[in-house]
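Participant: Fold the following for me, if possible:
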Amino acid sequence: MSDSINNNSSFDLLIRTFYQDDRTQFDIELNHLLDLSRSQDMRLCTEIILQAYKQNELNFLEELLDREVIYSGIPNLTTLHAASGYALSNLVKYLLDERKTDPNQTCTFVKNDQLSGITPLHFACGIGPENLVNETADTVKYLLSSGADVNLVTSRQDTALHWASKFSNEDVVRSLLEYKSNANAINSLQYTPLCEACFYGNFEIVKILVEHGANVNGNQEDERSPVHLVCRGLLSEHNARRTTPLNESVIEKLEKRLEIVKYLYSHGASIDTFDRDGLTPFMYACSSGNYSLVKYLLDEHKTKDESSTLRIINERSNTGETCLMYAIESGNLDIVTLLCNHGAKLDDQKSPSYVTAAAFYGHSEILEKIIQLGLDINEFDQNDDGVIFNPIYACCHCGSVECLQLLLEAKAKIDWKTSQ
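Facilitator: Model prediction:
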């Protein structure tokens, strides 16, 4: 078999040697395939797996996956794990019905942070390799009907439902819940499946979980609620600040996050709590740059009274940062303007100042806005580590010519000297 492997000829050769019971030649060809797959391109192996599956070569496929499992070096990994991760439902059924494979056998990932207690059901629900075919729901159903324990947890206390809630497969989530998966199970991060669905913005799964009794305020021992996790936002996760044009996909996902918050609030979720870092959902929304979400939360507080609005705008995190500072960091001018128009205090931010922050991140439109509001453009401070807080220094750090020009036009002082 040459290194420029042709998958069709390789598949034919493997099948022929397999059925000729020529184990020596079969082992040589298969080991070469696995070597090439590992060193050059994983698709070399997965494409042959897919080809064998489409031709219903289950005996051959079992042998191929069994060898791939050994090759992986993952302790206690089984062929059923691999078949479940690839979502090869017919092979899963074959292994369960004909081979009587244990559906609750666990394996261990040893690289990086060790993760043990991983079942084939965990693999099928997202922790395993990428699906080769769209048969995840059937795979999960076969596993469950064959005795897979729906509430077994990994060493990080993740149930299969935690994993399924991260990935948008509603049928899988429904199947797990039908088999009495605990909708309020808590993992080592103190997250419930609802928290996972909220963080990843999976609205349909959020609704399914709530309909099955998920606590909309999450784990009360942990102060980071599902609403907090929704409001952490999409822009910061994708490193897409206002300096990057919003594409339709990002806008759609931002709007979906707003709908999730509305849904949770309508089902009794609190939108006015602090997490362990002293952040509110409103702070997370400001930090993520999600204007629609910020405006919605602000409007909900306005229905209470004006003092409530001023309070949530001017609250501070444990590190002393305000909502306005988070909005400036996000680069969203619309949010900055909204906060300023609704009473954000401009004169009580400790170092770095709002002006220095805007200059540091290179947000020239925001810098121009807060200069127009009359904020001090000549902050100069230095912490114990020697970090300098000054707008001109900040411009030099980020390399923003636009911000530097704005400060010079505003007559910012430039002849500063440090203590060093």
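
Participant: I'd say residue 78 and residue 101 touch.
Facilitator: Yes. Residue 78 lies in contact with residue 101 (CB atoms under 8 Å); the separation is 6.7 Å. In short, each C-beta sits where N, CA and C put it, glycine included.

Participant: Compare the two and say which is more crowded by neighbours.
Facilitator: residue 78 (22 against 19; other CB atoms under 10 Å).

Participant: List the residues that contact the closest residue to that one other than its chain neighbours.
Facilitator: Excluding the flanking residues, the one nearest residue 78 by CB to CB, 6 or more residues apart in numbering is residue 105, at 5.2 Å. Shown in contact with residue 105 (CB atoms under 8 Å, 6 or more residues apart in numbering): 76, 78, 80, 81, 119, 120.

Participant: Please apply the same query to residue 183.
Facilitator: 161, 177, 192, 193, 194, 209, 212, 213, 214.

Participant: just the residues you listed now: which is nearest residue 297?
Facilitator: Taking CB to CB as the measure, residue 297 sits nearest to residue 194 out of those, at 19.1 Å.

Participant: Can you verify my assumption that that closest one contacts residue 225?
Facilitator: No. Using CB under 8 Å, residue 194 is not in contact with residue 225; the gap is 9.5 Å.

Participant: so where's the stretch 101-250 of the chain uncertain?
Facilitator: Scanning the stretch 101-250 of the chain for pLDDT under 70 picks out the ranges 112, 128, 219-222, 233-248.

Participant: where along it do the strands fall?
Facilitator: 107-109, 115-118 (DSSP state E, counting those that start in this stretch).

Participant: Looking at the ones you listed, which is nearest to residue 16?
Facilitator: strand 107-109 (32.1 Å).

Participant: tell me which residues of the closest one are tucked away?
Facilitator: 107, 109 (16 or more other CB atoms under 10 Å).

Participant: Going forward, the N-terminal residue is numbered 5.
Facilitator: Got it, the first residue is 5 from now on, which makes the last one we talked about strand 111-113.

Participant: what about the helices in the stretch 105-254 of the chain?
Facilitator: Applying DSSP state H, counting those that start in this stretch to the stretch 105-254 of the chain gives helices spanning 124-126, 140-149, 164-170, 174-182, 197-203, 207-215, 230-235, 252-270.

Participant: any chance of those in CSV, with mean neighbour count too?
Facilitator: Formatted as CSV, the helices of the stretch 105-254 of the chain follow (neighbours: other CB atoms under 10 Å):
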stretch, mean neighbour count
helix 124-126, 31
helix 140-149, 23
helix 164-170, 28
helix 174-182, 20
helix 197-203, 28
helix 207-215, 20
helix 230-235, 28
helix 252-270, 16
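
Participant: Distance to residue 414 for those - can I get that in TSV?
Facilitator: Listed next are those as TSV, based on distance: least, CB to CB, whole Å:
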stretch	distance to residue 414
helix 124-126	57
helix 140-149	58
helix 164-170	47
helix 174-182	54
helix 197-203	41
helix 207-215	45
helix 230-235	34
helix 252-270	33
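
Participant: Which one, of those helices, ends up nearest to residue 59?
Facilitator: The closest of the helices of the stretch 105-254 of the chain to residue 59 is helix 140-149. By CB to CB, the value is 18.6 Å.

Participant: Quick one: residues in contact with that closest one.
Facilitator: 87-88, 91-93, 96-97, 100, 107, 124-125, 128-129, 154, 164, 168, 173, 175-176, 179-180, 183.

Participant: So residue 352: helix, strand or coil?
Facilitator: Secondary structure assignment for residue 352 (DSSP: H, G, I helix; E, B strand; the rest coil): coil.

Participant: show me what contacts it?
Facilitator: Counting by CB under 8 Å, 6+ apart, residue 352 has contacts 318, 326.

Participant: Quick one, grab the pLDDT at it.
Facilitator: For residue 352, the model assigns a pLDDT of 77.

Participant: do you know how far it is from residue 325?
Facilitator: Relative to residue 325, residue 352 is positioned 12 Å away (CB to CB, to the nearest Å).

Participant: One more: residue 297?
Facilitator: 18 Å.

Participant: Residue 377: what's its closest spatial neighbour, skipping adjacent residues?
Facilitator: Closest to residue 377 by CB to CB, 6+ apart is residue 350, at 6.1 Å.

Participant: Number of residues surrounding that neighbour?
Facilitator: Neighbours around residue 350, by other CB under 10 Å: 17.
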